[in-house]
Each structure stands twice: as C-alpha cells, then as structure tokens.
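[1] model the structure of this input:
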Amino acid sequence: RIDEYPHQLSGGIRQRVAIAIALACEPKLLIADEPTTALDVTVQSGILDLLREQQRERNMSMILITHDLGVVAGRTDEIAVMYAGKMVERSATKQLFGNTRMPYTQALMESIPQLDHPTHTRLKTISGQPPNLIYPPPGCRFAPRCSRAEERCRAEEPQLGADGAGDHIFACWRPVGAAEGEAA
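    Residues are numbered from 1 along each chain as shown. Down below sits the predicted model:
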C-alpha cells in the first residue's frame, strides 16, 4: 500500500496515516481536530481506540475537538464547550453530562439521537442561525437563539464562573437548573 495515492485509501486508513504523521515527532500534546468526521461508527471507534492507546503508551495529553458529544462521552476526562469562538462551559465529563448549566450545551445534548426513542421521533434542532463572528451581537452570543434569554443576556456578556459545584464553570446569566427569574 506504500505506493498508493491518498485517494486510493479508505477514510479510516487515511486517518491512521495522518495520526502516524502527527505522532512521528513524539509530541507531548496531540490536537485531534474532528478525527472521526465522515467515518462510519465502526471505523470511528477504531480511530478513537487507537488515539487512546497511543495517548497512554506515549504518556501524551490530547485535545479532542469535535461537534459530536457521543464521541467524547466515554472517552474524555474533561469537556470544554465552545460557542461562536468563546468557551461557554467546562467541567469533568460525567459532571457535565449529568448537570449541564449552559443552555447551548443542553441544546447540543438534546440534538443527539436517542436509541431508546421511537424511530420516527424528530430530532431537536437549535433554532436560529449562528452569529456573525465579524460583528458578534452584544451580550451573550447565544442569546438570540436561547429560549432562556432575557434582556441582560442580550446586553451584557457573561463571564466564566463557578456556582459552587467543584470545577464546573459556565458563562450564563440564566443557567439551566436555576429557578425562573434567578440569575447566576
């Protein structure tokens, strides 16, 4: 296969070649940007297992960038969620999946297909459009799409902060789980 061109290789093999090239210089940190995009579930699992194996063998840290929360659910220690170029929530993986505070993170999780739902159940989508990053809106960048948004959300940008739940931080004036009318 050494004489084959990239277009002659399967997606999974091309991904393995890219990983081999990235690991050739013995990095202490590997940034894997969408390593499983456009791969079927079986190949996805193989690539993620390969990355984890290499991470352990090389005592290497890894930043896994993905839009697929199913990919990170059982394979990461910590998750940082970004929206429109800003980190909006960060937590230990189990804590984030069990106690989401940022409405954007909740909306992402609600858009994941559920195996226990009937097959004809419509997937939830996030209403509206992502903001223009050249001219972002004032306040929280997610506010125009957020069902919990109020005037303060549209006017003031919330900063990352904790609510007393360990290392769980988020940037939201009206976090999920807060009583109606209660601000963070």
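
[2] okay, buried residues for stretch 128-146 please.
    Neighbour counts using 16 or more other CB atoms under 10 Å place 131, 139, 140, 141, 142, 143, 144, 145, 146 of stretch 128-146 among the buried residues. For every residue, glycine as well, the C-beta is placed using N, CA and C.

[3] just the residues contacting it, thanks.
    Residues lying outside stretch 128-146 but in contact with it, judged by CB atoms under 8 Å, 6 or more residues apart in numbering, are 83-86, 88, 102-104, 107, 126-127, 149, 152-158, 171-174.

[4] ok, stretch 11-28 next?
    Stretch 11-28 is touched from outside by 1, 6, 9, 30, 32, 35-36, 38-39, 43, 46-47, 50-51, 54, 58, 60-61, with contacts defined as CB under 8 Å, 6+ apart.

[5] and the residues you listed, which of them are in helices?
    Restricting those to those inside helices, with DSSP state H as the criterion, leaves 43, 46, 47, 50, 51, 54, 58.

[6] who does the helix or strand bottoming out on mean pLDDT in the chain touch, helix- and strand-wise?
    Comparing every helix and strand of the chain by mean pLDDT, DSSP states H and E singles out helix 69-73 as the least confident one, with a mean of 83. With contacts defined as 3 or more CB pairs under 8 Å, 6 or more residues apart in numbering; DSSP states H and E, the secondary structure elements packing on helix 69-73 are helix 93-98.

[7] now the helix it packs on: average pLDDT?
    With pLDDT averaged residue by residue, helix 93-98 scores 90.

[8] same question for stretch 121-134.
    In the prediction, stretch 121-134 has an average pLDDT of 89.

[9] only alpha carbons, please: show it as CSV.
    Provided in CSV are the C-alpha atoms of stretch 121-134 (Å, rounded to 0.1, in the frame of the first residue of the first chain):
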residue,chain,number,x,y,z
THR,A,121,-39.2,10.9,16.7
ARG,A,122,-37.9,14.2,15.2
LEU,A,123,-34.5,15.3,16.3
LYS,A,124,-34.4,18.6,18.2
THR,A,125,-32.6,21.4,16.5
ILE,A,126,-31.2,24.7,17.7
SER,A,127,-33.4,27.5,16.4
GLY,A,128,-32.0,30.5,14.6
GLN,A,129,-28.6,31.0,13.0
PRO,A,130,-25.1,31.2,14.4
PRO,A,131,-23.9,34.8,14.9
ASN,A,132,-21.8,36.8,12.5
LEU,A,133,-18.3,36.4,14.1
ILE,A,134,-17.0,39.6,12.4
